Structure formats: structure tokens, C-alpha cells
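*Asks:* next one to model:
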Amino acid sequence: MIFWRNVLRARVRSLMTVLGIAAGVGIFAAATAITTDLRAQIGSAIGTYHFDVVIHERRAPSPFSSKLTQAQMDALAARYGSALLPMVMGTLNEPWSAYAMVLGVTPAFAQRVPLVTGRHFTPGQREVTMGEIAAQRLNLAAGQSVGIGGESWRIAGVYRTGSRLFDGGMMGEIGPVQRLFAPEGSEGQYTLALVSTGDQAATARVIAQVAREFPALRAIPGTEFAGAIRLFRVVEAFVGTIAVVVLLGTALVVTNMLMMAVAERTREIGILMAVGWTPWLVLRMLAAESLLLCAAGTVLGNLFGLALLHGVNRLESVGFGWLPLRLSAGQVAESAALIAAVGLLSLLWPAAVLWRMQPLDALRHE
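*Replies:* Reported below is the predicted structural model:
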């Protein structure tokens, strides 16, 4: 266990190396968890409610920013009948949440959503059903009221979809919710049109029909909805950039630590070589030190990433339920593999130094 003693000989340097690794791992793990979890939540919600086709504005940079006119929705309804469900989706800056998610749905859609308490909203009334997470964060229950758009809305019930993103919002009748997002005096618009087909062949036919008959609209399979959201692609590019920064930054930190270890122990390494150690054996010792520090940094970094998620989730400026509160085993393994690769990459420069080192020169080193 000579490598363990070597790590403890320079405790401050080893600690600073571990903390440097942990900082990079924590940010990488948190960012990866957020984008992966949001994709999974939206994909799960689409699958749970059997929406095979999602129709949105072709020119919209993202389905969430799509705007469908009443005329377009009427034409779609005439084409697909009861298989079509319109939806309004958006966020409002309210005193109780800077990103209050509000969904406008038809009574038929609302009936698909399971309730925890209370009942579904009554059409024609200023009522909403509230997601379980939002109700818990605001300490509200069925029968109480919540302020939305400067007006008081009665909470008819509390629902649970299983998706934290949607359980952190609320759901109301589509007409009144349209008016919340429409500028005063303008016509209300829709965000999405959802179509249930039942099989892949019918899904392909609907997508082809929309492309042919509605050139201003775009239809995509429900399974591709999350991938069409530009925000996710931006976040994924950001996560990729973080991975590169973590790789390079951690490699420099660990390489610097190893080079300092070699410089401080040059005479000791010369003695080892004089009694029969090869450069390969010395490098194995340094590799063990590097991997030990990387392992400690990975464990601490994942704990830091978890704490970061919990801390940010408590901020009022973040929407309810948007962030995950755990790291999956796959994400932990991914960060561990990344840092292990960094630890081995960091040995390249020390290896070159060791292979050029002569035992007699090392013994004379002061």
C-alpha cells in the first residue's frame, strides 16, 4: 500500500486535487441529470396518455413555442375528429413561482388524469386542478384558491401524472387558459394538437397527411417530441462542453499533482530503480495514486452534484418539479468512467519523464 502512504504524505495537495476533481464532476453530474430527466419525463407523459402524433407550428423553434390559430385547429378537428385533443401550454411569472406551468386542456383530456383529492375542473368555471408537487410546495388543497394572471382561481382537485414537470403545474379549461397567454384583444391560440392513432401505420399516415394538407404545420411521432425541443439540444451541447472542460481541467490538475510527486521523490525513485524497479513499476505506483484521488473526487463530486440539485430545486426562481432530486446509477457510472479516463490520461507526461530518467542522475538529485 505504498501508493496510499504517498497520497497521505502530501495531504493538502491531495485534498486540493480531490476537491478540484469533485467540483468538475458535481457540475457535470447535475447538468447531465437535468437534461436526461426532463427528456424522460416528457417522453413518459406522452407515452402514458397515448398521444401518437404531436402537431405544432412548422416555423416554431420548439414545440413549446408553437402557435396554432383557431382556424388551423378547426381544420384539424374536422379531419381527425375525436382523436384530436388541442392543448395550450406555457409558463407565467407569478409571485409564488417565476415559472408557473399552466396547461389548458379539454374536459376529455382532463378526465384521463388521475386525481389524488377533489374533482376535475368544471367547464365554464374559473377552476383548475393542481399538480401534487405544486400543491405541496404552496401548501394548498382542493377547495382553496390560487392567483393566476392577477385573478383568483378555485382549486377543484389535485392530480398526479407521475411526471414531476407536469405535477409541478396546474391544469385548466382551454379557453380561459388561452386568454392568460394571449395579449389583450387578440385571438387565443393553441400550442399543440395531439392525435391518438393506435398503431404505427396510422401514425405514419397522419404525419404524411399533415405534411400534405397543412404545409404551415409539422407532425412528429410522440416518441420524438422531447428530441424536437431546442432547449434540450442546447442543454446537451452545454453538457458536452462541460464534459470537455472537466476532462481538460481535471487532467491538468491530476497531471500537475503527479509531476510534483515525481519532482519531490526523484531521489526516492532513483533508489527504487537502483534496486530493480523498472519505470513501468514506478508508473504503476503513480497510476494507483492517480486513480485513488480520482475515485475519491468522483464520490465527493457526485454527492456535490446531488446537493446542487437539491439546493437549486429549493430556489423560488425555479419551477416546481423541473429538476431531478437524484442521480441514476448510469449517470454515476458515466462520471466515474470519465474521471477514470482522465486519471489514466494524466499519466502520459509523468510516463515520458520516468522513461527518460536515469537511476544515477536521480540518486544525485537534491
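*Asks:* when you work out contacts or count neighbours from here on, use the C-alpha atoms and nothing else.
*Replies:* Will do.
*Asks:* please name the nearest non-neighbouring residue to Leu308.
*Replies:* Ala30 (7.0 Å; C-alpha to C-alpha, 6 or more residues apart in numbering).
*Asks:* what about the one you found, helix or strand, and which?
*Replies:* helix 11-48 (DSSP states H and E).
*Asks:* now swap in Val158 and tell me
*Replies:* Counting by DSSP H and E, Val158 is part of strand 151-159.
*Asks:* could you dump that strand to CSV, C-alpha only?
*Replies:* Taking Å, rounded to 0.1, in the frame of the first residue of the first chain, the C-alpha atoms of strand 151-159 are listed here in CSV:
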residue,chain,number,x,y,z
GLU,A,151,-57.2,36.6,-10.8
SER,A,152,-58.3,34.1,-8.2
TRP,A,153,-58.9,30.6,-9.4
ARG,A,154,-60.5,27.9,-7.3
ILE,A,155,-58.6,24.6,-6.9
ALA,A,156,-61.1,21.9,-7.8
GLY,A,157,-58.7,19.0,-7.2
VAL,A,158,-55.1,17.8,-7.0
TYR,A,159,-53.8,15.4,-9.7
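*Asks:* point out where the protein drops to low pLDDT.
*Replies:* 1-9, 43-50, 184-185, 225-236, 316-319, 359-366 (pLDDT under 70).
*Asks:* pairing partners for the strand ranked longest in the chain, with directions?
*Replies:* The longest strand of the chain (DSSP state E) is strand 84-94. With DSSP bridges as the test, strand 84-94 is paired with strand 97-105 (antiparallel), strand 192-195 (antiparallel).
*Asks:* may I have that strand as CSV, with CA atoms only?
*Replies:* Output of strand 84-94 as CSV, limited to C-alpha atoms (Å, rounded to 0.1, in the frame of the first residue of the first chain):
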residue,chain,number,x,y,z
LEU,A,84,-57.6,15.1,-31.8
LEU,A,85,-57.0,16.9,-28.5
PRO,A,86,-55.9,20.5,-28.5
MET,A,87,-53.6,21.9,-25.8
VAL,A,88,-52.3,25.2,-24.6
MET,A,89,-49.0,25.1,-22.6
GLY,A,90,-46.9,27.8,-21.2
THR,A,91,-45.3,29.4,-18.1
LEU,A,92,-46.3,32.5,-16.2
ASN,A,93,-44.3,34.7,-13.9
GLU,A,94,-46.4,34.6,-10.7
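*Asks:* quick check, distance from it to the centre of its chain.
*Replies:* 21 Å (C-alpha atoms, centre = their mean, to the nearest Å).
*Asks:* how about the helices in this structure?
*Replies:* 2-9, 11-48, 70-80, 107-110, 132-138, 164-167, 174-181, 200-213, 230-264, 266-274, 279-313, 329-345, 348-356, 359-363 (DSSP state H).
*Asks:* among those helices, which is the most enclosed?
*Replies:* helix 164-167 (a mean of 24; mean count of other C-alpha atoms under 10 Å).
*Asks:* show residues contacting that helix.
*Replies:* Identification of contacts with helix 164-167 by C-alpha atoms under 8 Å, 6 or more residues apart in numbering yields 38, 41-42, 101, 130-134, 159-161, 320-322.
*Asks:* between these, which is closest to Leu84?
*Replies:* Set against Leu84, the nearest of the contacts of helix 164-167 by C-alpha to C-alpha is Ile42 (19.0 Å).
*Asks:* surely the closest one and Ser163 touch.
*Replies:* Yes. Counting by C-alpha atoms under 8 Å, Ser163 is a contact partner of Ile42 at 7.5 Å.
*Asks:* can you list the helices of the chain in JSON lines and add distance to Pro123?
*Replies:* JSON lines is the format used below for the helices of the chain (distance: least, C-alpha to C-alpha, whole Å):
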{"stretch": "helix 2-9", "distance to Pro123": "69"}
{"stretch": "helix 11-48", "distance to Pro123": "24"}
{"stretch": "helix 70-80", "distance to Pro123": "19"}
{"stretch": "helix 107-110", "distance to Pro123": "7"}
{"stretch": "helix 132-138", "distance to Pro123": "21"}
{"stretch": "helix 164-167", "distance to Pro123": "21"}
{"stretch": "helix 174-181", "distance to Pro123": "9"}
{"stretch": "helix 200-213", "distance to Pro123": "30"}
{"stretch": "helix 230-264", "distance to Pro123": "33"}
{"stretch": "helix 266-274", "distance to Pro123": "81"}
{"stretch": "helix 279-313", "distance to Pro123": "33"}
{"stretch": "helix 329-345", "distance to Pro123": "44"}
{"stretch": "helix 348-356", "distance to Pro123": "69"}
{"stretch": "helix 359-363", "distance to Pro123": "86"}
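*Asks:* so which of the ones you listed gets nearest Phe64?
*Replies:* When those are compared by C-alpha to C-alpha, helix 230-264 sits nearest Phe64, at 9.3 Å.
*Asks:* what helices and strands are in contact with that closest one?
*Replies:* helix 11-48, helix 279-313, helix 329-345, helix 348-356 (3 or more C-alpha pairs under 8 Å, 6 or more residues apart in numbering; DSSP states H and E).
*Asks:* recalculate using a threshold of 7 Å.
*Replies:* Under the contact criterion of 3 or more C-alpha pairs under 7 Å, 6 or more residues apart in numbering; DSSP states H and E, helix 230-264 touches helix 11-48, helix 329-345.
*Asks:* kindly calculate the angle that that helix makes with helix 11-48.
*Replies:* Angle, helix 230-264 to helix 11-48, by axes from the mean of the first three to the mean of the last three C-alpha atoms, to 10 degrees: 160 degrees.
*Asks:* what angle sits between helix 230-264 and helix 279-313?
*Replies:* Using the same axes, to 10 degrees: helix 230-264 against helix 279-313 is 140 degrees.
*Asks:* fine by me, thanks again.
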